[in-house]
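1. Sharing a sequence plus its predicted fold:
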Amino acid sequence: MNIRLKLVLSAAALAAGCVLLTGCGGSASSASSSASSAASSGAASQSASEPAASVSAEENGASDAVASAVDALLEADPISNQFEITAMNIEYDFGLKADDVTSYKGLKSNDNGDAGLVLAIQPAAGKAQDVMDTLKTYQQDQVAFYGNYAEFAQAQSNVENAIIDGGDDLVVMVIASNDCSSDLTSAVKDVLGK
């Protein structure tokens, strides 16, 4: 009788656990489905209106020169699973002050272990060196981050070899994506007219 009682209580506990997990999983999966649907419909509407690599300059205040620079660099360094860099990323991820940036445009890879990045910034008057110094600090932080994970050795190497260059009118930062095989130095020089 004692064994039978333990068996019935164990089965009841198992059933209750399954009900709880099913309830949690159902709401998460439906939220996930909604998010996936919204993302795919957003991506479909974007791809219908323009290429994914070219986000409209009006969305983030990018000047035509900045947008053209990013488009040219993306030809040399195609970024997979693109994530648009927003004003929040400029300030919090890259550490740039809003007053130092007149306009910007950038994309980075949203793939785990791929540090691919193309970023062009029109600095405020007299702030080009400050912007480049801040981007170098970001680069060092990313090298340290990827250094914590042996499986991200390629991404760490790509970040270590990032190109940060520019002048008074335009500053660019390019990190090769894992699939990039182009000479990014010459692409950056072409964009900067050097």
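-> Everything's here; your move.

2. Run through the strands of the protein in chain order.
-> 82-84, 101-109, 117-123, 163-166, 171-175 (DSSP state E).

3. Make CSV from these and add distance to Phe94 and mean neighbour count to it.
-> For glycine as for every other residue, the C-beta is placed from the backbone atoms N, C-alpha and C. What follows is the strands of the chain, written out as CSV (distance: least, C-beta to C-beta, whole Å; neighbours: other C-beta atoms under 10 Å):
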stretch, distance to Phe94, mean neighbour count
strand 82-84, 14, 16
strand 101-109, 9, 23
strand 117-123, 8, 27
strand 163-166, 11, 19
strand 171-175, 9, 26
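
4. Let's have those in a markdown table, adding mean pLDDT and distance to Asp190.
-> Below are the strands of the chain laid out as a markdown table (pLDDT from 0 to 100; distance: least, C-beta to C-beta, whole Å):
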| stretch | mean pLDDT | distance to Asp190 |
| --- | --- | --- |
| strand 82-84 | 92 | 22 |
| strand 101-109 | 94 | 17 |
| strand 117-123 | 95 | 13 |
| strand 163-166 | 94 | 11 |
| strand 171-175 | 95 | 11 |
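
5. which residues in this structure form helices?
-> Counting by DSSP state H, one finds helices in the chain at the ranges 2-49, 57-60, 64-76, 87-88, 128-146, 153-160, 184-192.

6. mean pLDDT for those helices: which is lowest?
-> Lowest mean pLDDT within these: helix 57-60, a mean of 47.

7. Same list (the strands of the chain) but as CSV, adding distance to Leu73.
-> As requested, the strands of the chain are arranged in CSV below (distance: least, C-beta to C-beta, whole Å):
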stretch, distance to Leu73
strand 82-84, 13
strand 101-109, 9
strand 117-123, 5
strand 163-166, 10
strand 171-175, 6
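
8. how about those strands, which one is nearest Glu151?
-> In terms of C-beta to C-beta, the element of these nearest to Glu151 is strand 101-109, at 15.4 Å.

9. burial count for the residue lying closest to Gln156 once chain neighbours are set aside?
-> Distance criterion C-beta to C-beta, 6 or more residues apart in numbering; nearest residue to Gln156, sequence neighbours excluded, is Tyr146 at 3.6 Å. Close neighbours of Tyr146, defined as other C-beta atoms under 10 Å, add up to 21.

10. Next: Asn81.
-> By other C-beta under 10 Å, 14 other residues sit near Asn81.

11. ok so, going back, residues touching the residue nearest to Gln156, list them.
-> Ala115, Phe152, Ala153, Ala155, Gln156, Val159 (C-beta atoms under 8 Å, 6 or more residues apart in numbering).
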